[in-house]
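**Student:** Fold the following, please.
(2 chains)
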Protein chains: 2
Amino acid sequence: MSTLTPVTADFELAGIDPSSTPEFDGDKKDAEKALAKNGEKLAALQERLFAESKFGGERRVLLVLQAMDTAGKGGILRHVIGGVDPQGVQIHAFKAPTDEEKSHDFLWRIRKELPEAGFIGVFDRSHYEDVLIHRVRGFSMPETVEERYGIIQKFEEELVANGTVIIKVMLHISADEQKERLQERLDRPEKHWKYNPGDVDERLLWAEYQEAYEIALRRTTTESAPWYVIPANHKWYARWAVQQLLLDALERIDPQWPSADYDVEAEKVRLADS
Amino acid sequence: MSTLTPVTADFELAGIDPSSTPEFDGDKKDAEKALAKNGEKLAALQERLFAESKFGGERRVLLVLQAMDTAGKGGILRHVIGGVDPQGVQIHAFKAPTDEEKSHDFLWRIRKELPEAGFIGVFDRSHYEDVLIHRVRGFSMPETVEERYGIIQKFEEELVANGTVIIKVMLHISADEQKERLQERLDRPEKHWKYNPGDVDERLLWAEYQEAYEIALRRTTTESAPWYVIPANHKWYARWAVQQLLLDALERIDPQWPSADYDVEAEKVRLADS
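**Tutor:** Below is the predicted model of the structure:
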C-alpha cells in the first residue's frame, strides 16, 4: 500500500510543489520500471473485480481526473489505464455540454456514464467542471455553484453506498510547465491538432482556476470520496502516483475469484458427453 | 499490407482448417514478436486517425467479432485492441437483449454503439446474433431471418458511405478445440467464472451453428464490408491476423496529421505574452 494522502478541508494548493515526487524514491527510470511491474498487478486485480461482478459483485472503481490543459490526463489514460484489459475499463471524456445536456441538471450526463459493476471507470473531466469553469467563467450564478458542492457530496455518497470506490485526482502542474508544453504543441506540426487557441484564454485565468480548484477540493474532499493533488510537472511521477491510488483501491476491495454457482463435476460429465 | 482474403458468396466453412495459419510464416514466438512490433504501428496510425477527426475527419473503423464460445474474442481485445490508446477505442459487448432493446428493431441497440469519427470501434458479438442464434434457436421466424441479411447489407452500406471502414471477423475454432478450452475452465477454479452451463447447450448445436455462420457470411460478405474467417485454434495466429486486418484498414485510410486551423505564429506570440 502506498501512503499518498488525500487533501484536507483546509489544504492550500499553493503549498504543494508541482515538481515534487512525494512517496517515490527514485528517478524517471525507476518510475517507469515500477509502472510496468505494478501494471501487471493492477491488471490481475481488475480481472478479479470483473469476475466477481459476473457472480453478483457490485463493486467498481471510479477515477475522476481533473487538471489544467496539458497536465497529462491523456498520458495517464494511455500509460496507466492502457495497461488494464480494455474489456474492464469504461472511459468517458466530458466535453462542453450539448444543448440536450444543458437542459437537464448537471449530474444527468454524469450518471449516464457511471461504470458498471466490475469495471474501472475513468472520467476525463467530470461534474467538477460545473464548479470550476462555471465559477471562473460565471457560467452559473455564484449561489448555484455554492449549492453544487453539497449536491456533489451527496451524489458521491450515494455512489459509494452502491459499491463504488471513488478516487478523485487533480493533476497539478505549474504555469511555467504548462507554457513549455503548449509551446511544444505549437513547435511541432504533428502536435498542432492538440493545441486550441482557447487554451491560452483559459491560461490567462490561471490564478482564478487555482482558486476555484482549491475551493472545490476543500469543499468536496470527504472520507469516502477523497481528493488527491498529484504533482504532475514530472509525467513519470504522476503516472506512478495515479497507478498507486488505483492499486490501493483495488487492494482494499480485495476482489476474490467467485465460486461456481453450478455443479462443476456434473458439468464435466455433460461436457465430456458433448 | 497483408494478403488475407475475405470469404466469397460461395465459400465453404468446412473447407477452412481452424488449425491453419494462412499468410503467416513462423511459429508462436515469431507471431508474438510481430504482434508487439505491429502494435506500435497500429497505435501510431490510430493516433493520426483520432487527430484527423478533431479537424473534421469523418473516418473510423468498426471491427465486428463473432465466434463460438471460447474462440478467443477476449484475447483479441486484450492483446490486439489493448495495444491501442484506450482514448481512441470504443468496445461494446452485446449480451442477450433487454426488454427495452427487444421492443425496438434489431439494429436499434447496434446504432447506439457505433464508433464516433476517429475511433476504432469493436463489437464483441453484434447484429449478426440476430441471424445466428435467432436462426439456430428459432427466436425469429425463418422469413424474418431471411429478410435481415438484406437489411444488414443496407445498414452496413450506409455506415461505409458515412466514413466507416468495416472489418467483420469470424474466429473459427474446431469442436475439439472448444472442448479442451471449456474443460480447462472447469479444471481451474480461477476460471470457473468464465464457464456457463449454457455453453454446453450451445455446443450441442455445433453443426447448426456452423451452418448458420456459413449462410450468414455468404449472404453478407460484400466488397465494402467483407467477412474474414480467421482460423483460431492457434490463439497467437488469430491475434496476429486480426491485427493485420486492422493495420490494413488503417493503412488504406492513411490518416494524416491535420493542418492547424489557427494562425500558429500568432498563437506563439499570444502564448509568449501569457
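
**Student:** Could I get the full set of helices for chain A?
**Tutor:** With helices called from DSSP state H, chain A shows them at A:28-54, A:73-79, A:99-102, A:108-111, A:133-137, A:142-161, A:175-187, A:197-203, A:206-220, A:235-253, A:264-273.

**Student:** hmm, the last one touching chain B?
**Tutor:** Yes. Remark: helix A:264-273 sits within contact range of chain B at A:Val264, A:Glu267, A:Lys268, A:Arg270, A:Leu271, by CB under 8 Å from any CB of the partner chain. All C-beta spots, glycine's among them, are computed from the backbone N, C-alpha and C.

**Student:** List the contacts of that helix.
**Tutor:** B:Lys179, B:Leu182, B:Gln183, B:Leu186, B:His192, B:Tyr195, B:Pro197, B:Val200, B:Arg203 (CB atoms under 8 Å, 6 or more residues apart in numbering or on different chains).

**Student:** Show the buried residues in these.
**Tutor:** With burial judged by 16 or more other CB atoms under 10 Å in any protein chain shown, the buried subset of the contacts of helix A:264-273 is B:Lys179, B:Leu182, B:Leu186, B:His192, B:Tyr195, B:Val200, B:Arg203.

**Student:** just these now: which is nearest chain A?
**Tutor:** Among the buried ones among the contacts of helix A:264-273, B:His192 lies closest to chain A (CB to the nearest CB), at 4.2 Å.

**Student:** Do you know the pLDDT at the closest one?
**Tutor:** We have a pLDDT of 96 for B:His192.

**Student:** Is it correct that it is in contact with A:Gln256?
**Tutor:** No. Look at B:His192 against A:Gln256 with CB atoms under 8 Å: they stay out of range, at 11.8 Å.

**Student:** tell me, what's touching the two both at once?
**Tutor:** Joint contacts of B:His192 and A:Gln256 (CB under 8 Å, 6+ apart) do not exist.

**Student:** Contacts only, for the residue nearest to A:Phe155 when sequence neighbours are not counted.
**Tutor:** Spatial nearest neighbour of A:Phe155, excluding adjacent residues (CB to CB, 6 or more residues apart in numbering or on different chains): A:Leu107 at 5.7 Å. For A:Leu107, the contacting residues are A:His127, A:Ile151, A:Phe155, by CB under 8 Å, 6+ apart.

**Student:** Make TSV out of the residues you listed and add neighbour count.
**Tutor:** Converted to TSV, the contacts of A:Leu107 look like this (neighbours: other CB atoms under 10 Å in any protein chain shown):
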residue	neighbour count
A:His127	22
A:Ile151	16
A:Phe155	18
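
**Student:** of the residues you listed, closest to B:Gln244?
**Tutor:** A:His127 (41.8 Å; CB to CB).

**Student:** And the closest residue to the closest one other than its chain neighbours, how far from chain B?
**Tutor:** What sits nearest to A:His127 in space, not counting adjacent residues and going by CB to CB, 6+ apart, is A:Ile110, at 4.7 Å. Distance of A:Ile110 to chain B, given as CB to the nearest CB, to the nearest Å: 19 Å.

**Student:** okay but A:Ile110 is in contact with A:Arg125, surely?
**Tutor:** No. Applying CB under 8 Å, one finds A:Ile110 not in contact with A:Arg125, separated by 10.4 Å.

**Student:** Looking at these two, which is more packed in?
**Tutor:** Higher neighbour count among A:Ile110 and A:Arg125: A:Ile110, with 22 against 18, using other CB atoms under 10 Å in any protein chain shown.

**Student:** circling back: columns distance to A:Arg239 on top of the contacts of A:Leu107, output as CSV?
**Tutor:** Compiled in CSV, the contacts of A:Leu107 are given as follows (distance: CB to CB, whole Å):
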residue, distance to A:Arg239
A:His127, 24
A:Ile151, 32
A:Phe155, 28
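
**Student:** Among the residues you listed, which one sits closest to chain B?
**Tutor:** Nearest to chain B among the contacts of A:Leu107: A:His127, at 19.7 Å, using CB to the nearest CB.

**Student:** so what's that closest one up against?
**Tutor:** Contacts of A:His127 by CB under 8 Å, 6+ apart are A:Phe106, A:Leu107, A:Ile110, A:Ile152, A:Phe155.

**Student:** Enumerate the residues of the stretch 51-200 of chain A near chain B.
**Tutor:** Residues of the stretch 51-200 of chain A found near chain B (CB under 8 Å from any CB) are A:51-52, A:54-55, A:74, A:77-78, A:81-82, A:85-87, A:89, A:91, A:93, A:124, A:179, A:182-183, A:186, A:189-190, A:192-197, A:200.

**Student:** switch the cut-off to 6 Å
**Tutor:** A:51, A:54, A:77-78, A:81-82, A:85-87, A:91, A:182, A:186, A:190, A:192-193, A:197, A:200 (CB under 6 Å from any CB of the partner chain).

**Student:** circling back to that earlier point, tabulate the buried ones among the contacts of helix A:264-273 in JSON lines, adding columns for distance to chain A.
**Tutor:** Converted to JSON lines, the buried ones among the contacts of helix A:264-273 look like this (distance: CB to the nearest CB, whole Å):
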{"residue": "B:Lys179", "distance to chain A": "7"}
{"residue": "B:Leu182", "distance to chain A": "5"}
{"residue": "B:Leu186", "distance to chain A": "5"}
{"residue": "B:His192", "distance to chain A": "4"}
{"residue": "B:Tyr195", "distance to chain A": "7"}
{"residue": "B:Val200", "distance to chain A": "5"}
{"residue": "B:Arg203", "distance to chain A": "5"}
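
**Student:** could those residues be laid out in CSV, adding distance to B:Ile173?
**Tutor:** Shown next, in CSV, are the buried ones among the contacts of helix A:264-273 (distance: CB to CB, whole Å):
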residue, distance to B:Ile173
B:Lys179, 10
B:Leu182, 11
B:Leu186, 17
B:His192, 21
B:Tyr195, 16
B:Val200, 15
B:Arg203, 11
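
**Student:** between these, which is nearest A:Glu214?
**Tutor:** Nearest to A:Glu214 among those: B:His192, at 48.9 Å, using CB to CB.

**Student:** hang on, that closest one packs against A:Ala260?
**Tutor:** Yes. Under the contact definition of CB atoms under 6 Å, B:His192 touches A:Ala260, with a separation of 4.2 Å.

**Student:** do you know how far the closest residue to A:Glu202 other than its chain neighbours is from chain B?
**Tutor:** In this structure, A:Glu202 finds its nearest non-sequential neighbour in A:Asp69, 6.5 Å apart by CB to CB, 6+ apart. Counting by CB to the nearest CB, the separation of A:Asp69 from chain B is 12 Å.

**Student:** wouldn't A:Asp69 be in contact with A:Asp199 here?
**Tutor:** Yes. The criterion here is CB under 6 Å, and A:Asp69 meets it with A:Asp199 at 4.8 Å.

**Student:** Could you pull up the contacting residues of A:Val229?
**Tutor:** Residues near A:Val229 by CB atoms under 6 Å, 6 or more residues apart in numbering or on different chains: A:Val7, A:Ile16, A:Met170, A:His172.

**Student:** okay, now the second one: neighbour count?
**Tutor:** Put plainly, it is A:Ile16. A total of 15 residues lie near A:Ile16 under the criterion other CB under 10 Å.

**Student:** A:Ala14 too?
**Tutor:** Neighbour count for A:Ala14, taken as other CB under 10 Å: 9.

**Student:** Not counting its neighbours along the chain, what's nearest it?
**Tutor:** Spatial nearest neighbour of A:Ala14, chain neighbours left out: A:Gln210 (7.4 Å); criterion: CB to CB, 6+ apart.
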